[in-house]
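Visitor: Structure for the following, please:
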Amino acid sequence: MDVLLDNVDLQILELMQSNARISNSDLAKEVNMAPSAVLERVKKLEQKKVILQYHTSIDPSAVQQKLLAFIFIKSKEGFTCCSDTAQLLSQIPEVQEVHHVAGEDCFLVKVRTEDSASLMDLMRNSLQKIPNILSTKTTIVLETVKEQQQLVIHKK
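Guide: I've put the predicted structure just below:
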């Protein structure tokens with residue numbers, strides 16, 4: 001689904017992405033528009049599903065989620081992986097991301113847990129119960145240098 005966005009939309013997105021709590025009046029000042037016009041644009045961006053959600057970024061260690069791991073998962077279905085496996089993976093609370101990938105594995109999953117024992121528990125009690133999983137390869141992150149959800153927005 002391609003949505004046509006003009007430079008004002010892109011500027012609004014860039015400002016909101018860097019500060020989701022920016023006030024409508026501050027947003028209007030930044031883009032030189034009336035607050036009512038900016039509010040209307042933001043509502044349209046939400047309706048078009050360009051703005052998907054607003055969230056707070058939390059330091060994982062502050063909530064005892066100190067271990068970050070990436071798990072490559074091979075499924076019985078091979079490249080034609082059905083969405084059932086992806087859905088079941090998505091339902092595990094510790095799973096932050098599920099990506100269907102090309103290559104010898106079917107999925108790349110990002111998980112956060114308290115420690116290695118809780119990761120092992122997740123693998124034994126959650127992943128092992130998903131019927132189509134053939135194998136997993138887990139990489140534990142030692143240090144995160146950069147992690148962000150922000151997209152690079154190119155203005156026209």
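
Visitor: show me where this protein has strands.
Guide: Remark: strands assigned in the chain by DSSP state E are 67-75, 95-100, 107-113, 133-140.

Visitor: Redo the ones you listed as TSV? Include distance to Glu147.
Guide: Quick note: C-beta positions are derived from backbone N, CA and C, even for glycine. What follows is the strands of the chain, written out as TSV (distance: least, Cβ to Cβ, whole Å):
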stretch	distance to Glu147
strand 67-75	8
strand 95-100	11
strand 107-113	10
strand 133-140	15
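
Visitor: Now Asp84. Nearest residue, chain neighbours left out?
Guide: For Asp84, the nearest residue in space outside its immediate sequence neighbours is Asn132; the separation is 7.1 Å by Cβ to Cβ, 6 or more residues apart in numbering.

Visitor: What is the least confident helix or strand in this protein?
Guide: Using mean pLDDT, DSSP states H and E, the weakest-scoring helix or strand in the chain turns out to be helix 83-90, at a mean of 90.

Visitor: So which bits of that helix are buried?
Guide: Buried residues in helix 83-90, counted by 16 or more other Cβ atoms under 10 Å: Thr85, Ala86, Leu88, Leu89.

Visitor: Please report the distance of the last one from Ile71.
Guide: Just to be clear, that refers to Leu89. 9 Å (Cβ to Cβ, to the nearest Å).

Visitor: just the third one next, same as before
Guide: Computed as Cβ to Cβ, the Leu88 to Ile71 distance reads 14 Å.

Visitor: Domain ranges for this protein, per the record?
Guide: The record's domain parsing of the chain by automatic domain parsing lists 7-47, 60-140.

Visitor: residues contacting the residue positioned nearest the centre of the chain?
Guide: The geometric centre of the chain, computed from its C-alpha atoms, lies nearest to Glu97 (Cα atoms, centre = their mean), at 5.9 Å. Counting by Cβ atoms under 8 Å, 6 or more residues apart in numbering, Glu97 touches Leu108, Val109, Lys110.

Visitor: now swap in Leu88 and tell me
Guide: Contact partners of Leu88, counting by Cβ under 8 Å, 6+ apart, are Ile130.

Visitor: Low-confidence stretches in this structure?
Guide: 1, 78-82 (pLDDT under 70).

Visitor: most remote residue from this structure's center?
Guide: No residue in the chain sits farther from the centre than Ala34, which is 32.2 Å out by Cα atoms, centre = their mean.
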